[in-house]
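Asker: Give the three-dimensional model of this entry:
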Amino acid sequence: MKKAIQFGAGNIGRGFIGAVLSQAGYRVVFADVVEDLLNNINTRKEYVVHVTDTDSRDILIKDVSAVNSGSLDAVKEIMDADIITTAVGLRILRFVAPTIAKGIGARKAAGVETPLNVIACENGLQATTQLRELVFAQLDEDTKAWARKHVGWPDAAVDRIVPPVRCEVPLDVAVEEYFEWDTEKASFVGEIPEIPGMTPVDNLEAYLERKLFTLNTGHATAAYIGAMKGIRTIGESIARPEIYKVVRAVMQQSGEGLVKKFGFDHDAHFAYIEKILKRFQNPYLRDDVNRVGREPLRKLAPNDRLILPMMTAKGFGLPYDKILLAIGAALHFGNPEDPQSVEMLASIKSDGIKATLVKYSGIENGDPVLDEIAEAYKEVEKI
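Answerer: Numbers count the residues shown, from 1 in each chain. Below is the predicted model of the structure:
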């Protein structure tokens with residue numbers, strides 16, 4: 001039986017990637033550091049994915065196990081794995097890289113010739129490439145050469161809303177019906193695995209930015225404006241006509257940039273935007289605005305869901321005033337339990353909006369767009 005190692009046993013790891021791999025016939029081994037979670041998985045060895053949508057159903061995921069991601073057991077599991085996936089968050093990739101590096105070294109030492117493909121399923125551009133660099137930094141030259149022949153590193157674009165819903169059985173997880181998992185076809189080694197729900201594509205960059213500029217941009221906008229209004233969930237936020245109007249306009253402005261950049265069919269892409277808006281309105285998914293809005297500094301980074309679509313539209317001479325409102329709302333995000341929110345608000349208080357943007361967003365000092373964002377920061381309060 002084929003084996004998959006899924007780093008990250010949280011809701012996305014169990015409800016999305018792990019579930020897809022299990023349904024494709026893989027025995028899934030979860031790797032995580034939360035001992036209670038690991039013990040629960042090893043005790044129950046199964047869980048239920050509750051698809052909560054207009055077509056609701058339950059999917060039983062069986063024959064799963066778990067190891068500590070930093071342990072020798074995890075290295076041993078990598079020895080005969082066919083695929084490694086992650087759903088840990090970009091910041092955590094550096095913590096799983098040493099185990100993967102040791103696993104690759106162990107495979108080389110044991111003469112394992114079976115292809116291994118590593119796919120980082122994270123919200124961000126070229127996450128697998130980032131993981132590969134972190135892993136290769138810990139390999140000697142001989143092992144690097146061996147890994148180039150025997151280990152594939154396809155980048156991926158992933159999309160599924162998996163909110164932190166409390167289930168009666170703690171291991172169970174709730175998800176939306178829709179999901180998308182696109183992978184970079186040319187970067188696999190060996191035969192591309194046949195995994196229903198995973199689509200190998202030629203131009204992954206287009207799929208990555210389509211998802212980032214559409215789902216993530218709209219999701220963040222709804223979260224940040226909703227948080228400003230004291231709203232708890234994305235569904236409640238998007239139900240407000242004045243917020244819906246802004247979120248839709250933001251996604252359309254980012255979409256115009258995507259159409260120009262990648263040559264997407266305009267009508268098809270705008271139909272995709274409408275599909276995403278309907279997903280936000282799913283009444284069965286109570287997705288908390290604080291969860292979606294967390295880590296605002298990461299989301300204000302140069303290559304993420306707010307600054308990049310704004311600069312793309314600006315670069316093509318397209319309107320971007322609504323995206324400016326989304327950025328302005330992000331700069332208002334206050335959550336005392338979120339270290340990035342605390343850091344951002346402290347920077348704004350001490351240094352001002354423009355200096356904070358220069359520090360975190362990659363926008364150069366003196367760029368006129370800083371004044372536009374500062375104005376949007378005030379304007380978004382009127383919504």
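Asker: When you work out contacts or count neighbours from here on, use the C-alpha atoms and nothing else.
Answerer: OK.
Asker: burial measure for the residue nearest to Gly362 when sequence neighbours are not counted, as a count.
Answerer: Among residues not flanking Gly362 along the chain, Pro302 sits closest, at 5.3 Å (C-alpha to C-alpha, 6 or more residues apart in numbering). Pro302 is flanked by 17 other residues according to other C-alpha atoms under 10 Å.
Asker: Would you state the secondary structure element containing Met251?
Answerer: helix 241-262 (DSSP states H and E).
Asker: State the next helix or strand along the chain beyond that helix.
Answerer: Assigned by DSSP H and E, the successor of helix 241-262 is helix 266-280.
Asker: by contact count, what packs against that following helix?
Answerer: In terms of contacts (3 or more C-alpha pairs under 8 Å, 6 or more residues apart in numbering; DSSP states H and E), helix 266-280 is packed against helix 234-238, helix 241-262.
Asker: What residues of the last one count as buried?
Answerer: Going by neighbour count (16 or more other C-alpha atoms under 10 Å), the buried part of helix 241-262 is 243-244, 246-259.
Asker: Could you tell me how far Leu345 is located from Gly152?
Answerer: 41 Å (C-alpha to C-alpha, to the nearest Å).
Asker: what does Glu256 give?
Answerer: Distance from Glu256 to Gly152, by C-alpha to C-alpha: 34 Å.
Asker: Over to Gly89?
Answerer: Separation of Gly89 from Gly152 (C-alpha to C-alpha): 20 Å.
Asker: Pick out whichever of those two has more residues nearby.
Answerer: Set side by side, Gly89 and Gly152 show more neighbours around Gly152, with 22 against 14, by other C-alpha under 10 Å.
Asker: contacting residues around Cys167?
Answerer: 173-174 (C-alpha atoms under 8 Å, 6 or more residues apart in numbering).
Asker: tell me the secondary structure for it?
Answerer: State at Cys167, reduced to three classes by DSSP: H, G, I helix; E, B strand; the rest coil: coil.
Asker: Need phi/psi at it.
Answerer: Note on Cys167: its backbone torsions stand at phi -100, psi 160 [degrees, to the nearest 10].
Asker: now swap in Thr114 and tell me
Answerer: When read as degrees, to the nearest 10, the backbone of Thr114 gives phi -60, psi 130.
Asker: residues touching it, list them.
Answerer: 82, 150.
Asker: switch to 10 Å and redo it
Answerer: Residues near Thr114 by C-alpha atoms under 10 Å, 6 or more residues apart in numbering: 79-82, 107, 150-151, 189-190.
Asker: Run through the stretch 251-383 of the chain and note the low-pLDDT ranges.
Answerer: Along the stretch 251-383 of the chain, segments meeting pLDDT under 70 are nowhere present.
Asker: on that earlier part again, how far away is the residue nearest to Gly362 from Gln252?
Answerer: 20 Å.
Asker: Can you show me the strands along the stretch 101-250 of the chain?
Answerer: Taking DSSP state E, counting those that start in this stretch as the test, the strands found in the stretch 101-250 of the chain are 116-120, 151-152, 156-159, 173-175, 180-184, 198-201.
Asker: tell me the centre residue of the chain?
Answerer: In the chain, the residue lying closest to the centroid (C-alpha atoms, centre = their mean) is Asn123, at 1.9 Å.
Asker: Just the pLDDT at it, thanks.
Answerer: Per-residue pLDDT puts Asn123 at 85.
Asker: same question, Ala239
Answerer: pLDDT, Ala239: 96.
Asker: Which residues are in contact with it?
Answerer: 222, 233, 245, 280-281.
Asker: and it, backbone torsions?
Answerer: When read as degrees, to the nearest 10, the backbone of Ala239 gives phi -70, psi -20.
Asker: again, but for Asn203
Answerer: Dihedral pair for Asn203: phi -110, psi 80, per degrees, to the nearest 10.
Asker: Grab the nearest non-local neighbour of it.
Answerer: Nearest non-adjacent residue to Asn203, counting by C-alpha to C-alpha, 6+ apart: Glu184, 7.3 Å away.
Asker: Could you measure from that neighbour over to Lys245?
Answerer: 34 Å.
Asker: same thing with Leu357?
Answerer: Taking C-alpha to C-alpha, one finds Leu357 at 26 Å from Lys245.
Asker: what's the answer for Asp36, then?
Answerer: Asp36 is 43 Å from Lys245, by C-alpha to C-alpha.
Asker: what does Val173 give?
Answerer: 31 Å.
Asker: again, but for Ile307
Answerer: 20 Å.
Asker: can you check Phe136 too?
Answerer: On the measure of C-alpha to C-alpha, Phe136 and Lys245 end up 46 Å apart.
Asker: swap in Gly111?
Answerer: Taking C-alpha to C-alpha, one finds Gly111 at 59 Å from Lys245.
Asker: Show me what Lys3 bridges to in the sheet.
Answerer: Arg27 (DSSP bridges).
Asker: tally of neighbours for it?
Answerer: 19.
Asker: Make sure it is actually in contact with Ile84.
Answerer: Yes - in this structure, Lys3 is within contact of Ile84 by C-alpha atoms under 10 Å, at 8.8 Å.
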